[in-house]
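>>> okay, predicted coordinates and the sequence, questions at the end:
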Amino acid sequence: MKYLSSLICLLLSSFSISSQIDMPEILGEKERAAIVDEILEQRLDELLPVLMKREGIDMWIVISREYNEDPVLKTMLPSTWLSARRRTILVFHQNKENETLEKIAIARYDVGKLLKGEWDLDVYSDQWVALMEIVKDRNPDNIGLNISGDFGLADGLVQTEYTSFMEYLPVEFHDRVVSAENLAIAWLETRCDKELEIYPTICKIGHQILQEAFSSEVIVPGETATIDVVWWLRDRVRSLGLDTWFHPTVSLQRKDPENFDHLRTFSKRPTRQVIQKGDLLHVDFGITYLRLNTDQQQHFYVLKDGENAVPASIQQAFKNSNRLQDILTSNFKDGATGNQILLNSLETAKDEGLNPSIYTHPIGTHGHAAGPTIGMWDQQEGVKGRGDYPLFRNTAYSIELNTSTQIPEWNKIIRIMLEEDGVWGEEGFYYIDGRQKEIFTIPR
């Protein structure tokens, strides 16, 4: 574990010299693998036993075939495993006699250093038979499988594998098979201590890339188009040895005598828009690093000749969305469902005279991750199923929302759409790498 601590110090020290000016150091593949494996060890050894007890699952079986992996299984593979191998079966069993968690791979070899392979071909020629011997020997009270009607990330067991499993499972165990939906979500959504240590660096990298992209070095008013900035972002991420988990978007709002309203700006915008002075730019951008994701939306204003600040009415529009962020996160409470948080937040915001829309989602090992959905852009009355899931500690969220505000000088409504990553932790809510509190200008 000392290795991970020293690497975290290296990550953090790279931007302590000049605050947010310098890009944090991006680690090489070998160093990344070491961090990924140490995080996985903590998650399996310390986090998983707690979650299995909380959700009441005695035995959890995760089954996948190569290139058709259960989303859960991919988060359990060591750094050198990029996919399942043939058929990979992982078994986690609470040994109640000695209060330990058995971590078993029904494979001819160990899966990394943490899951011991227990398929002896000389004894059992069939992998399913080897699995059933483990089940019969442990005699679990229940067997959790990844089956879910509401959460795609918890529904990773494919039909053919389920059919084979049930055909081989002794009849006396059939009524012990249960959905592991809540356990799968808990595993995916809960961040361990080591992940929370490195997450600020990952979010800071994303913020720094945006500072580079939305600057005079990249954007020349009258020449640079929004799509040019999109591809600059893609190239910059690739040059750093990182990945984006979705294609970025860059869009704009401006004072325009034509029908350039806020809805057309983002849903039916032209394929190529040249950036001009006086434009309000918006970006939606996310990276993947060390198996964690970011999702960030920010705004930038291109100064007109003679301007040295963002117009006051647009600044106020931005403050409205900052206020909505505060309202939303103030409603985070242990056990509150996504729908309860959504409706309480919208009610408060409307009482304050705001025009709010909230569509916040969990983030972590996936971009649109497992956990409570807090609104969707087209479901502001609540989200059935995913919105009924409760809030737990040490979970991360992309606080995604917008407010609509009338701009007198433009004689139109604009939307300020913000998204920043935060954690509902032991001490309450916090933004992982802060949040944008004012519109950045170009140039700065």
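All right, it came through fine. Because the structure is predicted, anything quoted here is derived from the model rather than measured. Residues are numbered from 1 along each chain as shown.

>>> from the middle of its chain, how far away would stretch 377-384 be?
Centroid displacement of stretch 377-384 relative to its chain, using Cα atoms, centre = their mean, to the nearest Å, is 20 Å.

>>> scratch that, stretch 365-372
5 Å.

>>> go on, stretch 430-444?
Distance, centroid of stretch 430-444 to centroid of chain: 20 Å (Cα atoms, centre = their mean).

>>> mind listing residues that contact that stretch?
With Cβ atoms under 8 Å, 6 or more residues apart in numbering as the test, stretch 430-444 has contacts from 199-200, 203-204, 206-207, 211, 214-216, 219, 280-281, 298-303, 309-310, 314-315, 318, 322, 325, 396, 399, 418, 420-423. In this view, the C-beta of every residue, glycine as well, is placed from N, C-alpha and C.

>>> one more time with 6 Å, if that's ok
Residues outside stretch 430-444 that contact it (Cβ atoms under 6 Å, 6 or more residues apart in numbering) are 199-200, 203-204, 207, 216, 219, 298-303, 310, 318, 420-423.

>>> buried residues, it. List them.
431-433, 435-436, 439-440, 442 (16 or more other Cβ atoms under 10 Å).

>>> stretch 369-381 now?
Result for stretch 369-381 [16+ other Cβ under 10 Å]: buried residues 369-376.

>>> return the distance of it from the chain's centre.
14 Å.

>>> show the end-to-end separation of that stretch, please.
Start and end residues of stretch 369-381 are separated by 21 Å (Cα to Cα, to the nearest Å).

>>> low-confidence bits of the stretch 201-350 of the chain, can you list those?
257-269 (pLDDT under 70).

>>> so where do the strands sit in it?
Remark: strands assigned in the stretch 201-350 of the chain by DSSP state E, counting those that start in this stretch are 243-244, 249-253, 280-285, 287-289, 292-293, 296-302.

>>> quick one: residues contacting the spatially most central residue of the chain.
By Cα atoms, centre = their mean, the mean C-alpha position of the chain lies nearest to I363, the distance being 2.1 Å. I363 makes contact with 293, 295, 369, 396, 398, 421, according to Cβ under 6 Å, 6+ apart.

>>> ok so, going back, the buried residues of stretch 430-444 in strands, which ones?
431, 440, 442 (DSSP state E).

>>> what's across from the first one in the sheet?
It stands for Y431. Beta bridges link Y431 to G422 when assigned by DSSP bridges.

>>> distance-wise, check it relative to Y397.
Separation of Y431 from Y397 (Cβ to Cβ, to the nearest Å) stands at 10 Å.

>>> G149: which of the strands of the stretch 201-350 of the chain is closest?
strand 292-293 (24.8 Å; Cβ to Cβ).

>>> can you pull out the helices in the chain?
2-13, 29-42, 48-55, 71-74, 127-138, 159-168, 181-189, 193-213, 226-239, 262-267, 312-330, 338-351 (DSSP state H).

>>> as a whole number, average confidence for the second one?
Mean pLDDT, helix 29-42: 95.

>>> report all helices and strands that it contacts.
helix 2-13, helix 193-213 (3 or more Cβ pairs under 6 Å, 6 or more residues apart in numbering; DSSP states H and E).
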